[in-house]
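1. task: produce atomic coordinates for the following.
(one chain, ligands or ions: 1)
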Amino acid sequence: MTDSSSALGQERAAVADACRRLAAEGLLIGTAGNVSVRAGDRVAVTATGAVLARITADEVTVVDLDGRVVAGTLRPTSELELHLGVYRRYGTGAVVHTHAPMATAVACVLDELPCFHYQLLALGGTVRVAPYATFGTSELAVSVLDALDGRGAALMANHGAVTHAPTLDQAVEHALLLEWACGVYRHATAMGRPRVLDEGQQRAVIEAALARDYGTTHPVPPVQEGNR
Ligand SMILES: [Zn+2]
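-> As a prediction, this is how the structure comes out:
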């Protein structure tokens, strides 16, 4: 089946764009990592073996939610089960998996990234590290799905990171935020033990963000005549 509704031309191009951006930012290296976006019951996902810094829409495959290929000529990522699992369990719109250096370093040492900076609340707060399992296995998918409960991100022990969000742009932003936070955490721990935000402080951030529509731009109100 390759009719236009299942071909997801725009989504395939968007996935390729997202990969090239994440590669330019240093989060995707070589062929390591994979990205997908969902449109209804179809998922556009990177092909296994594609060099992500120069991936094209032709190297993005379309599958259904059971993993059957419906468009494209290349075999999808070996972490397909993980991507599909995130869509099924969390009803999300896009998934990004990287072996980004800072996130992977944290995932090699810690059991969680504590909520030491208020921006981590955009990911749900403390980021869990899913126990290690061999790449591409159901065991890994289950482990990561559990770690994502109530979160937009999870780290994968001795492996990398996963983020998800309603849109592809947001999932990419989550990946960039997580990598930044892991880098800051590394610098902070070099100086001592970072303070962690307590529950009250975290709740106040969420309330302030909701009240101020934080994270979006706001036009300055026009200057009123006679009010200059
Ligand atoms: Zn991986």
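2. count the residues that sit near G215.
-> 9 (other CB atoms under 10 Å). Bear in mind the C-beta positions are built from the backbone N, C-alpha and C, glycine included.
3. on the three-state scheme, it is what?
-> Three-state assignment for G215 (DSSP: H, G, I helix; E, B strand; the rest coil): coil.
4. how close does it sit to L121?
-> To L121, G215 is 11 Å away according to CB to CB, to the nearest Å.
5. equivalent analysis for V144, please.
-> Distance, V144 to L121, using CB to CB: 21 Å.
6. quick one: the helices in this protein, in order.
-> 4-7, 9-24, 80-90, 101-109, 138-147, 168-191, 199-212 (DSSP state H).
7. want to throw these into JSON lines with mean neighbour count?
-> Converted to JSON lines, the helices of the chain look like this (neighbours: other CB atoms under 10 Å):
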{"stretch": "helix 4-7", "mean neighbour count": "13"}
{"stretch": "helix 9-24", "mean neighbour count": "19"}
{"stretch": "helix 80-90", "mean neighbour count": "20"}
{"stretch": "helix 101-109", "mean neighbour count": "19"}
{"stretch": "helix 138-147", "mean neighbour count": "18"}
{"stretch": "helix 168-191", "mean neighbour count": "18"}
{"stretch": "helix 199-212", "mean neighbour count": "12"}
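8. so which of those helices is nearest R128?
-> helix 138-147 (4.1 Å; CB to CB).
9. residues that sit against both of G215 and L121, list them.
-> A209 (CB atoms under 8 Å, 6 or more residues apart in numbering).
10. distance-wise, check the residue most central in space within the chain relative to D169.
-> Residue closest to the mean C-alpha point of the chain, counted by CA atoms, centre = their mean, is T163 at 2.3 Å. Using CB to CB, T163 is found at 12 Å from D169.
11. still on that earlier bit, ok, so what distance separates the closest residue in space to the residue nearest to the centre of the chain that isn't next to it in sequence from T134?
-> Distances taken as CB to CB, 6 or more residues apart in numbering put H174 closest to T163, at 3.7 Å, once the chain neighbours are dropped. H174 sits 25 Å away from T134, going by CB to CB.
12. ok, V45 next?
-> 20 Å.
13. neighbour-wise, which of those two wins?
-> V45 (28 against 8).
14. quickly list what the more buried one is bridged to.
-> S36, T61 (DSSP bridges).
15. is it in contact with A16, as I believe?
-> No. If you go by CB atoms under 8 Å, V45 and A16 don't touch, sitting 11.3 Å apart.
16. who touches both of these two?
-> Going by CB under 8 Å, 6+ apart, residues that sit against V45 and also against A16 are V60.
17. where does pLDDT dip in the chain?
-> Across the chain, the ranges flagged by pLDDT under 70 are 1-6, 224-228.
18. kindly recompute the last result at 50.
-> In the predicted model, the chain carries pLDDT under 50 at residues 1-3.
19. thinking again about what came up before, for the residue nearest to T163, what are its contacts?
-> 96, 122-123, 152-153, 163-165.
20. top of the residues you listed by neighbour count?
-> V96 (32 neighbours).
21. from D111, how far out is that residue?
-> Using CB to CB, V96 is found at 22 Å from D111.
22. identify the farthest-apart pair in the contacts of H174.
-> The two members of the contacts of H174 with the most space between them (CB to CB) are V96 and A122, at 14.3 Å.
23. against L113, how distant is the closest residue to S138 other than its chain neighbours?
-> Take S138 and drop its neighbours on the chain: the residue closest to it by CB to CB, 6+ apart is E81, 6.1 Å away. E81 is 25 Å from L113, where distance means CB to CB.
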